[in-house]
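Here is my input; please provide its structure:
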Amino acid sequence: MKKTTMLIAGLTMLLATSGAIADMSPVGDPMEIGSWAQRFEESGVGNFDFMAVQWVSPTSDAFESLTFRNFSTGSWSIQENRSSSPTLAIATTGTPLSRVQFDIAFTGSSGTPLQFDFHAFLGNTWLESSRASWSGGVWSFSSIKPQPVSRSVLVAQVPVPGAMLLGFLGLGYAGMRLRKVA
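You can find the predicted model right below:
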């Protein structure tokens, strides 16, 4: 009974959330800067005060160490992994805005296809997530529903190796519990 209730609650939450497609769009041509950058505009979610970008592919490239640059308005604070190839970058502002332009800097060549996910929040409320895809010459955007979408999860992400270890420990524990029941 308890498992059925949890399953129904989970499916209801999954089906009830609908992400709006981002009105994030490129502005102008890519800029070669040793690596390269692209100017974007976000204006389709209403007021927002927190943006995050997460690297998807290819695994050989990533964002530049200073990912977000040249904001058109507001005083944005950049919080990101300062490694040589970060896969997550976050920008926040104290005053919610409904429109802002900014640059995102990438490693590698502008001729290399890539994908990243963009997330927008107002406070702790998730507004949207979209996947940006660069073909090596043209941008495209699609709505996504990453699970879970939480500002706190983005700020304190578990590294992939740690997440895998945690997953295996959880599966092992579940297997032990099932053995005791059977």
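
Export only the CA atoms of the helix or strand hosting Ser77, formatted as PDB.
In this assignment (DSSP states H and E), Ser77 forms part of strand 76-80. Output in PDB follows, covering the C-alpha atoms of strand 76-80 (Å, rounded to 0.1, in the frame of the first residue of the first chain):
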ATOM      1  CA  TRP A  76      25.300  39.600 -11.100                       C
ATOM      2  CA  SER A  77      27.400  37.500  -8.800                       C
ATOM      3  CA  ILE A  78      29.100  34.600 -10.400                       C
ATOM      4  CA  GLN A  79      29.500  31.400  -8.400                       C
ATOM      5  CA  GLU A  80      31.100  28.600 -10.400                       C
END
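
what about Phe141, distance to Ala132?
6 Å (C-beta to C-beta, to the nearest Å). Every residue, glycine included, has its C-beta placed from N, CA and C.

what sits in contact with each of the two?
Counting by C-beta atoms under 8 Å, 6 or more residues apart in numbering, the residues touching both Phe141 and Ala132 are Met24.

With neighbour numbers in mind, choose between these two.
Ala132 (22 against 16; other C-beta atoms under 10 Å).

residues contacting that one?
Each residue near Ala132 by C-beta under 8 Å, 6+ apart is listed here: 24, 115-118, 139-141.
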